[in-house]
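Participant: Task: produce atomic coordinates for the following.
(chains A and B)
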Amino acid sequence: MYLELQQQLIQRVRDLLQRQYDVELPRIVVDQPPKVGLGEYALPLSFELAKKLRKPPRKIAEEIVAALGEVPGFEKFEVAGAGYINGRLDRQVAARMVLSPERSTKTGSAAGKKILVEHTSINPNKAAHVGHLRNSILGDTFVRLLQAAGAKVDVQNYIDNTGVQVADVVVGFLYLEKKGKSEIEALIADSGPPPRSFDYYCWDLYARVSQWYEESKDNLKLRLQTLHDIEKGGNEAAEIGKLISNAIIRRHLETMERLGIEYDFLPQESEILHLHFWELAFEQLKQKGVLYFETEGKNKGCWVMKRAGSKAAAEGTEGPDEDAKVIVRSNNTVTYVGKDIAYHLWKFGLLGKDFGYQRFYHYPGGRQVWISAESGEADHPHFGGVNAIYNVIDSRQEDPQNNVIEALRGMGYAEQADNQHHFSYAFVVLTPRCAEELGYELSAEDKERPFIEISGRKGFGVKADDLIDALIAAAQKEVDTRHPEMSESERRGVATQIAIGALRYFMLKFTKGSVIAFDFKEALSFEGETGPYAQYAIVRATNIFRKTGQSAEEILGSETDLRFLKEDDELWELWLRAGQLSNMVEQCISTAEPAYAAKYAFQLAQQFNNFYHQHHILTETDEARKGFLLATAAVVRRALIESLALMGIEAPPVM
RNA sequence: GAGCCCGUAGCUCAGUUGGACAGAGCAUCUGCCUUCUAAGCAGAGGGUCGCAGGUUCAAAUCCUGCCGGGCUCGCCA
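Facilitator: Residues are numbered from 1 along each chain as shown, chains lettered A, B, ... in the order given. The predicted structure follows:
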């Protein structure tokens, strides 16, 4: 509602400025007045025009208001303050729009686009931890937002199954534990749910191997040898690597499934290597002059790419560019960035080659996950060839991400370069208190630090499944005392919804750029600005309808007397905010910031709770007013459910 | 050395295309459960928006410098 009327208003003002003053503003800024009593839209454009037109802002505002005339949906416009133009909606007309369900998926900015979101991408060598949860929850929420705006989204989880991290665990099994392939297979078959799971086992083994490397140089040689074997394929190390990787991927999928996070495709590095993606990309890069062979200086014998912001690129100085990025080493092997360029050419459908596809896992809800394979199944969906890409990767990888984007630009794919987004976020750390609670011994130096970095190598971090379990246990304790009449499985179900609500909200309430200092006390909180707070508001609304015997949906469909909105600013604010849902979605997408969804849901819940205490609906004697209050609850309830759904949070039946 | 991010209430954070008096949660204190269940509501205290300049009708927001914290920058992966 709000967004459509805003767009209409902007168009109207733009036309008027053109006609009346022959001016064009690059942007018509629209704010909201500090209080809803002043109107719903505030235009500060008179201030901007004052200099251009050499008239006082108030005068301009008055002229514009006079010239605007009638605008559909609006009651009137007025000049406020030093020259604001405030637009006041016709509340009844606007409320009627709010009552009818919003169809943002058809009109959203992403409507009709095919977008690829890559998230999770955890090294398949150990259990997922809180840091990974932030990535997956941010990514999954952004997927839901894009879908709400009408996009067709492919969700990918990139698997670096031939990297050094997998090699380390292979080394651990082969040389520390002296286990062969069949023993590892037995171990996997014998493993259970966490903490008896294979990914937990590898978590500890990985930490032990990392320590073992420090004992001797020979151990490090084994690591390098194993890594090369895995990359090459066709040997025991490679087979064990695949075995480990596959088992761990399954565990990661299970962990994420607990949070309602699903994927479409798992592209693996092994196929990028073995299907020779790089060779094709290399040809293109050479042909288009993005790469050149360095004959002098420190990069002699390498194929290098100029960096976008480098001095040499800007000044075109003579001699070797020492700042250039090496893509192919002098020993003819390709770097990580090189492989990533090839992979991104594939994503945009510019490589001229595709993966093979194999079924990997079928979600109970019906979705199918595919995994890359050298020779796949004949019948498969096609991934890649998208309009835009969002790579959910933490901010430390900004450099390589930019290198890939610049390579695309250099190859003449300017549009694709503009549409490849590094969805960057800051990592999760642990507070020193949290680290101590986990039983880690902190050095004196660590204790002085404001936070402790999570480290898989040190085996230091909060595992995702442990955290989810702790949250469920905490929620279950409450549910058990509140609802002794419910069955064990029902209580478990509600506790799980609450736990997931708490976790997902916690990961989303911070803006992407701020480092989350993880702390059990805060994460386990169900009060205040949390997911359960918003869930509880929905349960309260649902309870009202349960008692009336009329469902919220029925109320939304029936006639409602909206005249009560005229006088009551607080009630109108609820309707207004409910009507701003699609506005919020667009804001989240244009700024790539899901935290706005969290803020929206919380504020709406807060307003609803306020309303809930002020107006006792069931005892209202005026039938018309009672109907209107019920409609208010129904409209807010729906907006709350939808906004939580965007974050992957469900509304429990009771709390 | 270069680049990026951050610095707002005791703590954790919003305030993102400059806009009307700087907000929320937690913590502290005071009230409210025979109510549509209090995972809630109402109220109180708490601020040199890191510092200093500048641009602007208007700066927490933009620019410059400085201070403090973090990250990145390899023929490693």
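
Participant: any idea which helix or strand comes after the lowest-mean-pLDDT helix or strand in chain A?
Facilitator: Lowest on mean pLDDT, DSSP states H and E among the helices and strands of chain A sits helix A:311-315, with a mean of 46. Using DSSP states H and E, the helix or strand that directly follows helix A:311-315 along the chain is strand A:325-328.

Participant: Is that next one positioned near RNA strand B?
Facilitator: Yes - in this structure, strand A:325-328 sits against RNA strand B according to C-beta under 7 Å from any atom of the strand; the contacting residues are A:V326. In short, each C-beta sits where N, CA and C put it, glycine included.

Participant: in that strand, what counts as buried?
Facilitator: Under the neighbour-count criterion of 16 or more other C-beta atoms under 10 Å, strand A:325-328 has A:K325, A:V326, A:I327, A:V328 buried.

Participant: again, but for stretch A:414-424
Facilitator: Buried positions in stretch A:414-424, judged by neighbour count with 16+ other C-beta under 10 Å: A:Q416, A:A417, A:N419, A:Q420, A:H421, A:H422, A:F423, A:S424.

Participant: From those, which land in strands?
Facilitator: Cross-referencing the buried residues of stretch A:414-424 with the strands (criterion: DSSP state E) gives A:Q420, A:H421, A:H422, A:F423, A:S424 as the overlap.

Participant: The last one against A:R396, yeah?
Facilitator: No - in this structure, A:S424 sits apart from A:R396 without contact. The criterion is C-beta atoms under 8 Å, and the distance is 9.1 Å.

Participant: Any idea which residue of the stretch 101-250 of chain A lies closest to RNA strand B?
Facilitator: Going by C-beta to the nearest atom of the strand, RNA strand B is nearest to A:V164 of the stretch 101-250 of chain A, at 3.4 Å.

Participant: what about that residue, neighbour count?
Facilitator: Other residues within reach of A:V164, judged by other C-beta atoms under 10 Å, total 15.

Participant: For it, what are phi and psi?
Facilitator: Per-residue torsions, A:V164: phi -70, psi -30 (degrees, to the nearest 10).

Participant: what does the model give it for pLDDT?
Facilitator: As summarised for this prediction, A:V164 has a pLDDT of 93.

Participant: So the residue lying closest to it once chain neighbours are set aside: helix, strand or coil?
Facilitator: Taking C-beta to C-beta, 6 or more residues apart in numbering, and ignoring the residues beside it in sequence, A:V164 has A:L227 as its nearest neighbour in space, at 5.6 Å. Of the three states, A:L227 takes helix according to DSSP: H, G, I helix; E, B strand; the rest coil.

Participant: if I look at A:L227, how far off is A:V170?
Facilitator: A:L227 sits 9 Å away from A:V170 when distances are taken as C-beta to C-beta, to the nearest Å.

Participant: do the same with A:E294
Facilitator: The span separating A:E294 from A:V170 equals 34 Å under the rule C-beta to C-beta.

Participant: Repeat that for A:Q18.
Facilitator: Remark: distance between A:Q18 and A:V170 (C-beta to C-beta) = 68 Å.

Participant: Which one's more surrounded, these two?
Facilitator: A:V170 (29 against 12).

Participant: Assign that one to helix, strand or coil.
Facilitator: Reducing the assignment at A:V170 to three states with three-state DSSP gives helix.

Participant: Spit out the contact partners of it.
Facilitator: With contact set as C-beta atoms under 8 Å, 6 or more residues apart in numbering, A:V170 has these partners: A:T226, A:I230, A:A237, A:I240, A:G241, A:I244.

Participant: Around RNA strand B, pick out the residues from the stretch 401-550 of chain A.
Facilitator: For the stretch 401-550 of chain A, the residues in contact with RNA strand B under the definition C-beta under 7 Å from any atom of the strand are A:426, A:449-450, A:453, A:475, A:478-479, A:482-483, A:494, A:498, A:509-517, A:522, A:525-529, A:532-533, A:536, A:539-540, A:543-544, A:547.
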